[in-house]
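Novice: sequence first, predicted model second:
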Protein chains: 2
Amino acid sequence: MITHPAYTVEPWSVRETHLDLNVLAQSESVFALANGHIGLRANLDEGEPFGLPGTYLNSFYELRPLPYAEPGYGNPESGQTIVNVTNGKIIRLLVDDEPFDVRYGKLLAHERELDLRAGVLHRRVEWRSPAGTSVRLRTTRLVSFVQRASAAILYEVEPLDGPLRIVVQSELVANEPGGPQEDDPRAAALLEAPLVSEYYFDRDTRVVLSHSTKRSKLLMAAGMDHEIEGPEGTEYGTESGSDVGRVTVATELADGECLRIVKFIAYGWSSQRSLPAVRDQVAGALAQARHTGWEGLLAGQREYLTRFWESADVELEGDTELQQAVRFALFHTLQAGARAEQRAIAAKGLTGPGYDGHTFWDTERFVLPVLTYTAPAAAGDALRWRHATLDLARERAVQLGLRGCAFPWRTIRGQECSGYWPAGTAAFHIDADIADAVARYQAATGDEEFEREVGIELLVETARLWRSLGHHDAQGGFRIDGVTGPDEYSALADNNVYTNLLAQKNLREAADAVARHPRRAAELGADLEEAATWRDAADDMIVPWDEQLGVHPQSEGFTAHEVWNFEAMKPEDYPLLLHFPYFDLYRKQVIKQADLVLALHWRGDAFTFE
Amino acid sequence: MITHPAYTVEPWSVRETHLDLNVLAQSESVFALANGHIGLRANLDEGEPFGLPGTYLNSFYELRPLPYAEPGYGNPESGQTIVNVTNGKIIRLLVDDEPFDVRYGKLLAHERELDLRAGVLHRRVEWRSPAGTSVRLRTTRLVSFVQRASAAILYEVEPLDGPLRIVVQSELVANEPGGPQEDDPRAAALLEAPLVSEYYFDRDTRVVLSHSTKRSKLLMAAGMDHEIEGPEGTEYGTESGSDVGRVTVATELADGECLRIVKFIAYGWSSQRSLPAVRDQVAGALAQARHTGWEGLLAGQREYLTRFWESADVELEGDTELQQAVRFALFHTLQAGARAEQRAIAAKGLTGPGYDGHTFWDTERFVLPVLTYTAPAAAGDALRWRHATLDLARERAVQLGLRGCAFPWRTIRGQECSGYWPAGTAAFHIDADIADAVARYQAATGDEEFEREVGIELLVETARLWRSLGHHDAQGGFRIDGVTGPDEYSALADNNVYTNLLAQKNLREAADAVARHPRRAAELGADLEEAATWRDAADDMIVPWDEQLGVHPQSEGFTAHEVWNFEAMKPEDYPLLLHFPYFDLYRKQVIKQADLVLALHWRGDAFTFE
């Protein structure tokens, strides 16, 4: 829980009334803007100070080696890490030759507001330079939901007391310093300056830079263009190099005069297309954004969000704080997935490099249920992305000696990137979470094309995994042994209740799908005979029960384990993961994710009232 | 199992009747000589070809980083790897200017014999050079059991048909190429040339080289001296440099003449003493060996082994092959531990760099029971080494949230070096194995000084571990959950039968020791009250029983797991570890080490006849 005394409670905004440099990294995430394709952390326009500079393109990643102290069969050899791409947000300001920097001079006022209906981030600043001249700055930033490849910034500056000489430098910066530190020197070397220059170009107020990654061999381009309005005598110049593009505007502002700049920013990337194709795509996006214009982009953004809120808004009376929290969460969920368009939705969305930019089971379990009912097209796209990785998941299942598909615990592009298998690969419940999201999406939308093209195959292949992962014991019960449920403080347990109940649902829904669509099923090699074996497994599924305590244990034997000594814990012992070995956590009754409670929620039908 | 058609079956020798370059690495291990302090792989005198060149000093190691794809609390950061030290075995030969190399010319005869009573390795070679001149070579190599720092080689060469010009180069070579490959480039860099030159010196027929390691900062010295007998006109020269020392002997041999060289080799190392101290120790060892002379060393070796075999020999009638195997095994066990003198006895002894030169539970479980009855002083020394690492084991227990001591799964100097905790740290049974070796040694020797100084403390601290690792469940049973037994194809199981039964024995023996020696126990903070809690835990120890099958399962729930499909295995699927993920092995009924059978062996008292 982020607590920040400078945030006010308002129904449709998140407002920060003064700047606290101690929580800069937090506010950069809270105020991050994204459309599921482009993500901009809320770094200050002038670039510094920052908590963590960040600009991301969904699924644009670098490969890095995954080292092991002791090798093991099936351990993935390389991971994928989201890359901080060319920063197009930077607009530096010189006031009478002094660089505007909130750490110097005096910050007379500083307010930021995320407007959840307009889909923009406002910033208002009044600053007195060390030399004593004062300036007012207003900026508005958006990442367009309508024009997927575009973002834009309105930048306005005016004198507060008397005439000023003003220089504004609007930039594109690649390989900016200040990324997250890596322990592994090889990974650090790769990610410190991840981009290799391929091309740069400038003309008038426009710059395009193109770069590639070293190992993953992805190609990207970033571009900017500008509309500049200032008093007579305002001049500008443009230049570009391998890692920087710059449009410099110089002017003098008298009292009451204002310099107004609209910066259009565009991004594109590809793993397959050529440099000219990617470069021209960005130039095209810039041209389209200029054609639409700032006011047009603003109007489109508001219209998109009006439609979203019409169906998605949850109105709460009597608790404005909770009302704000719900809308803020819905807004960020939309930002994470709206225009992902068959790319993964990462755990942190596009707000930062946390978890390496990977997607986990959380996407299907927590994000897609929300999007299914609020932005169903985005939910469908996310599941189509999973479907696109099915071949990789089938290969992984073969490698693990299983049938069907084994989806990766963490990934950007579909390959398993988990370097610690007991809390990664062994968490097979992700297959059931995906199947559940498929069933929910189909039930909510009645999207038959989706069902035929994507849904049935996902249900069938995940059901096959469960059938091969479990087995019937001597008493006829169907067991799933040695897997890890959602709770990360337990691992490699037998008959995890959450896993077994969700696998049961998965098996039944796949059998139903085969019965509904026998022809499509036949194309997948599935028939009623195979479906019957799934129903058998589902009907025989073991759900452990502790007779003595009269409760379901999280997994077989769990309630016999030693109870964690919570009384002995000091506040600095949390999170336990960082202060106790897995060994100790796994063998005791201590839980990080209450997956039994989660099972009660998602499989309420399987429990009696008691 | 090594099968080698060139080995003959003899009661007191292992003889190889011809050289097979395809199994060179194997024969280098079979014929390796060691005394527990120095180990020489049976590389050919001339240095090449080799399977793996190797010269080892017990516990002389380098540190290497242990990398993790995902960090975890308590994972050791660096490992220890045994280092291939300065090679003193090399004696190169030029025959009429052609280097003697078994790969060229024609090998007319090649025999090696390990004499288990004399404690020497003989080699007899007849070789015709590519130019057609023939030579006979006889060498005898020993690593002295009596003079711990010394090895020696008798080297004799004579013409087979007609006079020859002969050059012999007797060398010390540090940082020789050809070590085992490392996946991790950082580790490879460390171990490729592990030794840093500190000093070199030559005079007359003597050379001393001293080196240190880069990270572990250990200091070593190697020296050689020579006795040379040849026909008149035989000359020699001596030189040395940072990584090489060389004594070159040149002569001409007429028919019936012989060049005879005795090479004395000495080693010393220290983590604390200065360069002059270590250097002089080696020079002193050389002087002592020369003083004793070749015949004296031979006589001492035979006398030592005569005493050993008098008490250790196991005579088998009617199966000479098994007779040879038993004596060979006893001889190598003696070589691994005889003069280790409070250093670890490694899993591979000093025959190669396998398992990084680490010691595991196997030392106490398999090696020490043999040494206890055949070379009890060596067994006592090995346990005194464990005792010397007790502070490290206590620190590790604290790190793991336990009491008492947690001995490392694998180590050279006492620090945990296991980079995969489910098959390392979690295998706590090593504590019980050590306690069992202590009890056996005490029972066999009645060594009361050992008991007071070492034995009681080891028993008490290991018992404390078990008491804190297990807990009483609601029914009053004492459970040990989430640990790994000896079987490496299962991990993190509850109530492993082997672990629980050996822990039970450990707890009882510690309680008995406290009762026998209340005063010594009091110094360790233990009293009858604490001992009573150990007896309680032992009496309440859960030993799983499968009612349905009427058997003890390896651990709780094991017999409910899916049975491994052995029918589907092809020969190339073995070892399973290299072809199936741990995930799959752990959750099924498949066993690498039959630890339940081992429990039956060591705790036969706990089972009924049935």
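Specialist: Cool, the structure landed.
Novice: give me the nearest residue to the closest residue to chain B within the stretch 501-610 of chain A, chain neighbours excluded.
Specialist: Nearest residue of the stretch 501-610 of chain A to chain B: A:Arg587, at 2.5 Å (C-beta to the nearest C-beta). Using the backbone N, CA and C atoms, a C-beta is placed for each residue, glycine as well. Distances taken as C-beta to C-beta, 6 or more residues apart in numbering or on different chains put B:Gly482 closest to A:Arg587, at 2.5 Å, once the chain neighbours are dropped.
Novice: can you get me a residue count around the one you found?
Specialist: For B:Gly482, the neighbour count with other C-beta atoms under 10 Å in any protein chain shown is 29.
Novice: verify the contact between it and A:Tyr586 for me.
Specialist: Yes - with contact defined as C-beta atoms under 8 Å, B:Gly482 reaches A:Tyr586; the gap is 5.2 Å.
Novice: which residues do these two both contact?
Specialist: Counting by C-beta atoms under 8 Å, 6 or more residues apart in numbering or on different chains, the shared contacts of B:Gly482 and A:Tyr586 are B:Leu492.
Novice: quick check: domain ranges of chain A?
Specialist: Here the domain parsing of chain A from automatic domain parsing is A:7-67+A:74-282, A:389-606.
Novice: could you export those domains as CSV, including mean pLDDT?
Specialist: As requested, the domains of chain A are arranged in CSV below (pLDDT from 0 to 100):
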stretch, mean pLDDT
domain A:7-67+A:74-282, 94
domain A:389-606, 95
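Novice: dump these to CSV, plus distance to B:Phe607.
Specialist: Output for the domains of chain A, formatted as CSV (distance: least, C-beta to C-beta, whole Å):
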stretch, distance to B:Phe607
domain A:7-67+A:74-282, 37
domain A:389-606, 24
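Novice: closest residue of the stretch 201-350 of chain A to chain B?
Specialist: Counting by C-beta to the nearest C-beta, the stretch 201-350 of chain A gets nearest chain B through A:Ala347, at 14.7 Å.
Novice: for the stretch 51-200 of chain A, that is, sorry about that
Specialist: Across the stretch 51-200 of chain A, the shortest distance to chain B (C-beta to the nearest C-beta) belongs to A:Ala69, at 2.1 Å.
Novice: skipping adjacent residues, who's closest to that residue in space?
Specialist: B:Gly419 is the one closest to A:Ala69 (C-beta to C-beta, 6+ apart), at 2.1 Å.
Novice: just confirm that neighbour contacts B:Leu66, I think it does.
Specialist: Yes - the pair B:Gly419 / B:Leu66 is scored as a contact, 4.4 Å apart, by C-beta under 8 Å.
Novice: any residues in contact with both of the two?
Specialist: Residues touching both B:Gly419 and B:Leu66 by C-beta under 8 Å, 6+ apart: A:69, B:75-76, B:79.
Novice: and which of those is nearest to B:Glu461?
Specialist: Taking C-beta to C-beta as the measure, B:Glu461 lies nearest B:Pro76 of those, at 20.3 Å.
Novice: once you drop chain neighbours, what's closest to that closest one?
Specialist: Leaving aside its chain neighbours, B:Pro76 sits nearest to B:Glu416 (4.9 Å; criterion: C-beta to C-beta, 6+ apart).
Novice: got it, and A:Arg464?
Specialist: Nearest one to A:Arg464, counting by C-beta to C-beta, 6+ apart, is A:Gly404 at 2.9 Å.
Novice: what's the answer for A:Thr306, then?
Specialist: Once flanking residues are discounted, A:Thr306 sits nearest to A:Arg117: 7.3 Å by C-beta to C-beta, 6+ apart.
Novice: any idea which element that neighbour lies in?
Specialist: If you go by DSSP states H and E, A:Arg117 is not part of any helix or strand.
Novice: which residues touch it?
Specialist: A:12, A:302, A:305-306, A:309.
Novice: go on, A:Arg246?
Specialist: Contact partners of A:Arg246, counting by C-beta under 8 Å, 6+ apart, are A:169-172, A:207, A:238-240.
Novice: now with 7 Å, please.
Specialist: By C-beta atoms under 7 Å, 6 or more residues apart in numbering or on different chains, the contact set of A:Arg246 is A:169, A:171, A:239.
Novice: most neighbours out of the residues you listed, which is it?
Specialist: In terms of neighbours by other C-beta under 10 Å, those top out with A:Glu171 at 21 neighbours.
Novice: separation between that one and A:Leu19?
Specialist: The gap separating A:Glu171 from A:Leu19 is 22 Å, by C-beta to C-beta, to the nearest Å.
Novice: please apply the same query to A:His601.
Specialist: A:His601 sits 40 Å away from A:Leu19, going by C-beta to C-beta.
Novice: can you pick out the residue with more neighbours from those two?
Specialist: A:Leu19 (19 against 9).
Novice: check for me that that one belongs to a strand.
Specialist: No - judged by DSSP: H, G, I helix; E, B strand; the rest coil, A:Leu19 forms no part of a strand; its state is coil.
Novice: from the contacts of A:Arg246, pick the one nearest A:Ile456.
Specialist: Of all the contacts of A:Arg246, A:Ile456 sits closest to A:Glu171, with 49.7 Å by C-beta to C-beta.
Novice: quick revisit: what about the residue nearest to A:Arg464, how many neighbours?
Specialist: A:Gly404 sits with 22 neighbouring residues when counted by other C-beta under 10 Å.
Novice: what do you get for A:Val282?
Specialist: 24.
Novice: correct me if wrong: the residue of the stretch 51-200 of chain A closest to chain B contacts B:Glu416.
Specialist: No - using C-beta atoms under 7 Å, A:Ala69 is not in contact with B:Glu416; the gap is 11.3 Å.
Novice: comparing those two, which residue is more hemmed in?
Specialist: B:Glu416 (25 against 22).
Novice: buried residues in stretch A:89-99?
Specialist: A:89-96, A:98 (16 or more other C-beta atoms under 10 Å in any protein chain shown).
Novice: if I look at A:Asp433, how far off is A:Leu368?
Specialist: As judged by C-beta to C-beta, A:Asp433 and A:Leu368 stand 9 Å apart.
Novice: if we can go back for a sec, most neighbours out of the contacts of A:Arg117, which is it?
Specialist: Highest neighbour count within the contacts of A:Arg117, by other C-beta under 10 Å: A:Leu305, with 21 neighbours.
Novice: quick one: residues contacting it.
Specialist: Applying C-beta under 7 Å, 6+ apart to A:Leu305 gives the contacts A:117, A:119.
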